[in-house]
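**Student:** Quick one, fold the following:
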Amino acid sequence: QVQLVESGGGLVQAGDSLRLSCAASGRTSFIYRMAWFRQAPGKERELVAAILWSNGITAYPASVKGRFTIARDNAKNTMYLQMDSLTPEDAAVYFCAAGRGKVAYEFWGQGTQVTVSS
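**Tutor:** A predicted model of the protein is given here:
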């Protein structure tokens, strides 16, 4: 199993930056890819960034491309999400996830709240 713990959420103002961290432990050798998702009240969970654990290839949806940057530190088993130019629409609970293969994310963190005031 893989355990994931997020940190770094908080309250910021529109236009500010925030960096989230996700520490992985357990059988981290299982990890093929990791990702950040977010879920705002009344909305479905959405993918905001993904990264292949071995080579660092990344992917982003149009809604955050150019503002969010995903990165990983293999030595520390930690993934990051740098979020710049935040808007109130970015406010949500952010979750990190890990997957052993190309289809599903089997492992999830507990989430960290990001609040953006206008």
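**Student:** Okay, and the beta partners of the residue nearest in space to the middle of the chain?
**Tutor:** The residue lying closest to the centre of the chain (CA atoms, centre = their mean) is residue 36, at 2.5 Å. Residues in a beta bridge with residue 36, per DSSP bridges, are residue 49, residue 96.
**Student:** my read: it touches residue 45, true?
**Tutor:** No - counting by CB atoms under 8 Å, residue 36 sits too far from residue 45 to count as a contact (10.8 Å). In this view, the C-beta of every residue, glycine as well, is placed from N, C-alpha and C.
**Student:** what is in contact with these two at once?
**Tutor:** Common neighbours of residue 36 and residue 45 are listed as residue 95 (criterion: CB atoms under 8 Å, 6 or more residues apart in numbering).
**Student:** quick one on the thing from earlier: show me what contacts the residue nearest to the centre of the chain?
**Tutor:** Counting by CB under 8 Å, 6+ apart, residue 36 makes contact with 20, 22, 47-50, 68, 70, 79, 81, 94-97.
**Student:** If we use 10 Å, what do you get?
**Tutor:** Going by CB atoms under 10 Å, 6 or more residues apart in numbering, residue 36 touches 6, 20, 22, 46-51, 60, 64, 68, 70, 79-81, 83, 94-97, 109.
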